[in-house]
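[1] below are the sequence and a predicted model for it; my questions follow.
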Amino acid sequence: TAIFGYGILSPKRPQTPDARTLFEIGSVTKVFTGVLLADAVHRGEVALDDPLARFLPPDVKVPQWEGRGITLLDLATHTSGLPRLPSNLLPQVAKYPDNPYAHYTVEQMYQALADVRLQSRPGTRYQYSNFGMGVLGHALARRAGKDYESLVVERICRPLALDNTRITLSGTQPQRLSPGHDIDGRPLGCWDFPALAGAGALRSTAEDLVRWLAANLGQIPTPLRPILDAAQLPRREIGPGQQMALGWHVNTRQSIHWHNGQTGGYHSYVAFCKKTNTGVVVLSNTAGGIGDVLGMKVLRLLAGEKVEPPEVRMPIRLPANKLDRYVGVYEIVPGFSITVFRREDRLWAQATNQPSLGIYPASETRFFYRAVKAELEFTIEPDGRIEKLILHQHGLCLPGWRGGVAGQAVRKAIQALRRDTGKIAPKP
């Protein structure tokens, strides 16, 4: 086993992270929730095909599809038909973008279950759902008569000596928590999941997660062995060569179990390969980035394959005095615009009703995002002005004009006037 730290925690904390540095692990929490389900089955507390409704208060309405209810297995394999997020969480995401789950209550979760319309028949179609896995963690905790964190600590963390895998930090842990950052390097606080803890609430260290993978690979003796094996067993096919176990995604062609996670300021990736008896953990205190790609490449490297380093796209440097010409509001369609603005020596772009994201110059005319797979292409007029951009995303090329479509029509008319009469028209 080897653990390496790179970079610094932050400009104010220039230490290199180490094996005991804590990170939020986001959706990697889901594999712990899957193991809790396997453990409850092993204890005889639940069965995989038990209906969810059995473990919630009797007055909570649980959705069905033509009489087919949601089972615990459906929730653990993202085949419940529930959407990615509960609909009544979305206003809180907009109101509290830096900690979107913090104010979401169990009562609101119950109401969302009552109001939701399933998007597919349970057990038939994969659709990744934080909502569903959060409900599963809540249901298992209710069955055990404990809160989610107490259940994880009692049944997984203590038996495996994962002493730094917790939701609530104590002792020296708060001082060892790395500060989070968004993909553009802005500091961000932690996320809290009081109602949907099973979807993403845990914090952990490289040391603990390496031990977690070693236990899953059978490299350390543990009484949890049959439970870990049961959680790893593929249960539902979700695509060619891909299946879902209890919380784990499984690449059946390569015998790889994996999961990643992201909160506002952190990214995580864990994977292990039974065929090669190897595993990898990547933890970052910057959201997004190349953690998944890096982890997959390291796993291939451990298998003896030759791999190329991951590509990191680097921006060029533009003089700060040139950035102002890009600034403006570009209307793509009525009601949807992209606002480009300058903050010190960098440009940012904010689409209607979306957060602002940094954009980085690949050239004078083309800028790329790091937070999403998209680019902005600017059209520079002969006189140096910029009146148009093109959003390149999802294979689409969407033009937007400074001042909107109406402003573009006025500019075209003025250009025609100049061509036809030679008169000097005022600039729009």
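    Arrived safely.

[2] dump the residue contacts of the closest residue to residue 242 other than its chain neighbours.
    Excluding its sequence neighbours, the residue lying closest to residue 242 (Cβ to Cβ, 6 or more residues apart in numbering) is residue 251, at 6.3 Å. The way it works is simple: take the backbone N, C-alpha and C, and place the C-beta from them, glycine included. Counting by Cβ atoms under 8 Å, 6 or more residues apart in numbering, residue 251 touches 241-242, 257-258.

[3] which of these ranks first by neighbour count?
    Greatest neighbour count in the contacts of residue 251, by other Cβ atoms under 10 Å, goes to residue 257: 24 neighbours.

[4] list the buried residues in stretch 292-312.
    In terms of neighbour count (16 or more other Cβ atoms under 10 Å), stretch 292-312 has its buried residues at 292, 294-300.

[5] returning to what we had before: do you know the pLDDT at the residue nearest to residue 242?
    Confidence at residue 251, expressed as pLDDT, is 95.

[6] got phi/psi on residue 25?
    phi -110, psi 0 (degrees, to the nearest 10).

[7] show the pLDDT at residue 88.
    95.

[8] before we move on, what about residue 158?
    Value for residue 158, per-residue pLDDT: 98.

[9] list the buried residues in the helix or strand where it lies.
    Using DSSP states H and E, residue 158 sits in helix 158-160. Residues residue 160 are the ones in helix 158-160 that count as buried (16+ other Cβ under 10 Å).

[10] what about that helix, distance to the chain center?
    27 Å (Cα atoms, centre = their mean, to the nearest Å).

[11] elements contacting it?
    Other helices and strands packing on helix 158-160, by 3 or more Cβ pairs under 8 Å, 6 or more residues apart in numbering; DSSP states H and E, are helix 206-216.

[12] which other helices and strands does the helix it packs on contact?
    Looks like helix 206-216 contacts helix 158-160, helix 225-232, strand 267-273, strand 278-284 (3+ Cβ pairs under 8 Å, 6+ apart).

[13] with distance to residue 49 added, can I get these in JSON lines?
    Formatted as JSON lines, the helices and strands packed on helix 206-216 follow (distance: least, Cβ to Cβ, whole Å):
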{"stretch": "helix 158-160", "distance to residue 49": "26"}
{"stretch": "helix 225-232", "distance to residue 49": "14"}
{"stretch": "strand 267-273", "distance to residue 49": "28"}
{"stretch": "strand 278-284", "distance to residue 49": "31"}
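
[14] residue 185 is nearest to which of these?
    Each of the helices and strands packed on helix 206-216 has some distance to residue 185 by Cβ to Cβ; the shortest is strand 278-284, at 12.1 Å.

[15] tell me the angle of the closest one relative to strand 267-273?
    180 degrees (axes from the mean of the first three to the mean of the last three Cα atoms, to 10 degrees).

[16] same question for strand 278-284, mean pLDDT?
    98.

[17] heading C-terminal from that strand, find the next helix or strand.
    Strand 278-284 is succeeded, C-terminally, by helix 291-302 (DSSP H and E).

[18] now tell me what touches that following helix from outside.
    By Cβ under 8 Å, 6+ apart, helix 291-302 touches 256, 258, 260, 267-271, 273, 276, 278-284, 307-310.

[19] how close does the spatially most central residue of the chain sit to residue 28?
    By Cα atoms, centre = their mean, the chain has its centre lying nearest to residue 262, at 3.8 Å. Distance from residue 262 to residue 28, counting by Cβ to Cβ, to the nearest Å: 10 Å.

[20] likewise residue 199?
    Counting by Cβ to Cβ - residue 199 and residue 28 are separated by 11 Å.

[21] again with residue 144
    When residue 144 is compared with residue 28 (using Cβ to Cβ), they lie 21 Å apart.

[22] neighbour count winner among those two?
    Using other Cβ under 10 Å as the criterion, residue 144 and residue 28 rank with residue 28 on top: 26 against 20.

[23] let me know how buried the closest residue to residue 106 other than its chain neighbours is, in neighbour terms.
    Leaving out its chain neighbours, the residue that sits closest to residue 106 by Cβ to Cβ, 6+ apart is residue 195, at 4.8 Å. Using other Cβ under 10 Å, residue 195 has 26 neighbouring residues.

[24] wait, residue 195 touches residue 102, no?
    No. Using Cβ atoms under 8 Å, residue 195 makes no contact with residue 102, being 9.8 Å away.

[25] list the contacts of the nearest residue to residue 249 once chain neighbours are set aside.
    Residue nearest to residue 249 in three dimensions, not counting chain neighbours: residue 258, with 5.5 Å by Cβ to Cβ, 6+ apart. Contact partners of residue 258, counting by Cβ under 8 Å, 6+ apart, are 248-249, 251, 269-272, 295.

[26] please apply the same query to residue 217.
    Counting by Cβ under 8 Å, 6+ apart, residue 217 has contacts 272, 274, 277-279.
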